[in-house]
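K.L.:
the sequence and its predicted three-dimensional model are supplied below.
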Amino acid sequence: MENNTALKIVDKMLAEDKFSQWLGIEKILVEKGRCILKMKIRNEMVNGFGIAHGGIAFSFADSALAFASNAYGRLSVALECSISFAIAVNVNDELICEARELSLTNKTGTYHMEISNQKGEKVAFFKGTVYRTSKEWEINK
């Protein structure tokens with residue numbers, strides 16, 4: 001039942017999130033404090049060097065942060081985020097992002113996102129902290 005509520009929240013978020021839709025994000029796993037997403041790099045996502053723009057990986061991880069933190073049912077928004085790029089990402093790479101909760105308090109949550117490619121190579125590491133508002137998500141039952 002709890003995972004069902006988390007999934008309903010993330011489905012509602014994704015339905016309104018035009019940028020995550022444009023990225024082509026697909027849900028693999030959604031739980032409170034954790035999620036796994038996947039996406040494929042397309043031609044329009046590359047920079048002048050012919051590799052995926054860093055903003056693509058950042059946005060992918062940011063979506064994972066939002067889904068994992070909001071799955072508890074409280075509206076949560078990013079306070080601080082940072083990313084480190086390990087290797088280049090190319091067109092047609094299939095990326096997996098796993099968000100894991102590091103800490104959770106009444107007011108904040110801190111998460112680690114790891115992005116890997118289809119070869120299992122780690123391509124980026126993202127850390128994000130969210131502010132947990134007092135507003136509860138309203139979902140249709």
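P.N.:
It's in.
K.L.:
what's the next secondary structure element after the longest helix seen in the chain?
P.N.:
The longest helix of the chain (DSSP state H) is helix 54-70. Remark: after helix 54-70, the chain's next helix or strand is strand 74-85, criterion DSSP states H and E.
K.L.:
hmm, who's touching that following strand?
P.N.:
54, 57-58, 61-62, 65-66, 69-70, 108-109, 123-137 (CB atoms under 8 Å, 6 or more residues apart in numbering). Just so you know, the C-beta spots here come from the backbone N, C-alpha and C atoms, and that holds for glycine as well.
K.L.:
run the chain-centre distance for that strand.
P.N.:
Centre-to-centre, strand 74-85 and its host chain are 9 Å apart (CA atoms, centre = their mean, to the nearest Å).
K.L.:
what's the answer for stretch 21-38, then?
P.N.:
Distance, centroid of stretch 21-38 to centroid of chain: 6 Å (CA atoms, centre = their mean).
K.L.:
could you pick out the longest strand of the protein?
P.N.:
strand 122-136 (DSSP state E).
K.L.:
how about that strand: buried residues?
P.N.:
Neighbour counts over strand 122-136 (16 or more other CB atoms under 10 Å) mark Val123, Ala124, Phe125, Phe126, Lys127, Gly128, Thr129, Val130, Arg132 as buried.
K.L.:
now do the longest helix of the chain against strand 74-85, angle only.
P.N.:
150 degrees (axes from the mean of the first three to the mean of the last three CA atoms, to 10 degrees).
K.L.:
what's the first helix or strand after the lowest-mean-pLDDT helix or strand in the chain?
P.N.:
One helix or strand of the chain scores below all others by mean pLDDT, DSSP states H and E: helix 2-16, with a mean of 89. Using DSSP H and E, the helix or strand that follows helix 2-16 towards the C-terminus is helix 18-23.
K.L.:
residue ranges with poor pLDDT in the protein?
P.N.:
Where the chain drops to pLDDT under 70, the residues are 1-3, 140-141.
K.L.:
what about Asn43, how many neighbours?
P.N.:
Around Asn43 there are 8 other residues, counting by other CB atoms under 10 Å.
K.L.:
report the central residue of the chain.
P.N.:
Nearest to the geometric centre of the chain sits Ala64, at 1.3 Å (CA atoms, centre = their mean).
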